[in-house]
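Trainee: fold the following, please.
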Amino acid sequence: MGWFTTHTRRVATGDPEVSRELTPELRAALPPRFEAVGETLASGSGATSACEVVGAALAHDGVSLAEALDRLAETAALVGGTEPSFSDTQALCVAWSEATLGYLHSLSCDDPLTGLASLAHLRSRVSEVYRGSAPDDHALVVVVAPENAHDDVLSRSMRIAQVGDTARTVFSSAATVGHVGPGRVVVLAGRDERIGRRVGLLRDLLLGADRQARVWIEGLPETDEGAAALLDELTRV
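Mentor: Presented below is the predicted three-dimensional model:
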């Protein structure tokens, strides 16, 4: 009987004499990027947070979701002689999916799930404003609608798409409505005497569906570089 088989079987049966720390041999046998997951599994603490980190990291590495799940299963088998828990599997899948969508979002003019303009496209439109007219002629209307932590990716995307659709009904077709971050929509709109009334209407419509939504106007900075910094800041509001 091999060492790994004996070790994992003892851990699974709860032998109190077995160390809850990874041995150098076991650590070396773990799949790439799964050292932290293995450590948390061995210590008996929850591995959900570690799985979120590794899921995003593997997506950035270009590792497929199927391979990521295979590595998680291998880690759970090596360390505990069991299959991964549902919560750990879900955490890895959600983090991998969100990181992948974020990458696609940065490449595309539209967010693939919400249909709203991507942050990259919104930045491009703002730059066009600086090249073609004075920034005082435009403003950013910011909407922050806090997300439900229990919603899945699809539910969150449908909710933000509804926020975007509401914004489109209030502002002219020339306005660009973009999804800039979790629960955050920014509208690049012409600044005239009606913008205040439009923002008030948008606020009223959104508060009818979500009393936690916040809406306000941000003036454009004097330079394109300043506008890019402002958009970056708005993604973290």
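Trainee: quick one: the spatially most central residue of the chain and Ala28, what's the gap?
Mentor: Computing the C-alpha centroid of the chain and ranking residues by C-alpha atoms, centre = their mean puts Glu98 first, at 4.8 Å. From Glu98 across to Ala28, the span is 30 Å (C-beta to C-beta, to the nearest Å). Where C-beta positions appear, they are placed from N, C-alpha and C, glycine not excepted.
Trainee: quick check: Thr48 touching Asp88?
Mentor: Yes - Thr48 lies in contact with Asp88 (C-beta atoms under 8 Å); the separation is 5.9 Å.
Trainee: more neighbours: which of the two?
Mentor: Each of Thr48 and Asp88 has its neighbours counted (other C-beta atoms under 10 Å); Asp88 has more, 25 against 17.
Trainee: now do the contacts for that one.
Mentor: Val37, Ala47, Thr48, Cys51, Leu72, Ala76 (C-beta atoms under 8 Å, 6 or more residues apart in numbering).
Trainee: need the max-distance pair from these.
Mentor: Thr48 and Ala76 (13.0 Å; C-beta to C-beta).
Trainee: which SS state does the closest residue to Gly115 other than its chain neighbours fall under?
Mentor: Leaving out its chain neighbours, the residue that sits closest to Gly115 by C-beta to C-beta, 6 or more residues apart in numbering is Ala161, at 6.0 Å. Secondary structure assignment for Ala161 (DSSP: H, G, I helix; E, B strand; the rest coil): helix.
Trainee: and the pLDDT for Ala161?
Mentor: Ala161 is assigned a predicted lDDT (pLDDT) of 88.
Trainee: please report how far it lies from Ala174.
Mentor: Using C-beta to C-beta, Ala161 is found at 20 Å from Ala174.
Trainee: more crowded one of those two?
Mentor: The residue with more neighbours, out of Ala161 and Ala174, is Ala161; 17 against 8, by other C-beta under 10 Å.
Trainee: next structured bit after the top helix by length along the chain?
Mentor: The residue-count maximum for a helix in the chain (DSSP state H) belongs to helix 86-107. For helix 86-107, the following helix or strand on the C-terminal side (DSSP states H and E) is helix 119-132.
Trainee: after that following helix, heading C-terminal, what element do we hit next?
Mentor: strand 138-144.
Trainee: that following strand pairs with which strands, and in what direction?
Mentor: Partner strands and pairing direction for strand 138-144 (DSSP bridges) are strand 184-190 (antiparallel), strand 214-219 (antiparallel).
Trainee: quick check: buried residues in the last one?
Mentor: Residues of strand 214-219 classed as buried under the neighbour-count rule (16 or more other C-beta atoms under 10 Å) are Val215.
Trainee: check the offset of that strand from the chain's centre.
Mentor: How far strand 214-219 lies from its chain's middle: 23 Å, per C-alpha atoms, centre = their mean, to the nearest Å.
Trainee: put the alpha carbons of stretch 143-161 into CSV.
Mentor: Output in CSV follows, covering the C-alpha atoms of stretch 143-161 (Å, rounded to 0.1, in the frame of the first residue of the first chain):
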residue,chain,number,x,y,z
VAL,A,143,-26.0,54.3,-10.2
VAL,A,144,-25.0,52.0,-7.4
ALA,A,145,-27.4,49.2,-6.6
PRO,A,146,-26.0,46.9,-3.9
GLU,A,147,-26.1,43.3,-4.8
ASN,A,148,-27.5,40.4,-2.8
ALA,A,149,-24.6,38.2,-1.6
HIS,A,150,-26.8,35.1,-2.1
ASP,A,151,-27.5,35.8,-5.8
ASP,A,152,-25.6,33.8,-8.4
VAL,A,153,-23.9,35.3,-11.4
LEU,A,154,-26.9,35.1,-13.7
SER,A,155,-29.3,36.7,-11.1
ARG,A,156,-26.8,39.6,-10.5
SER,A,157,-26.4,40.1,-14.3
MET,A,158,-30.2,40.2,-14.8
ARG,A,159,-30.6,42.7,-12.1
ILE,A,160,-28.0,45.1,-13.4
ALA,A,161,-29.4,44.7,-16.9
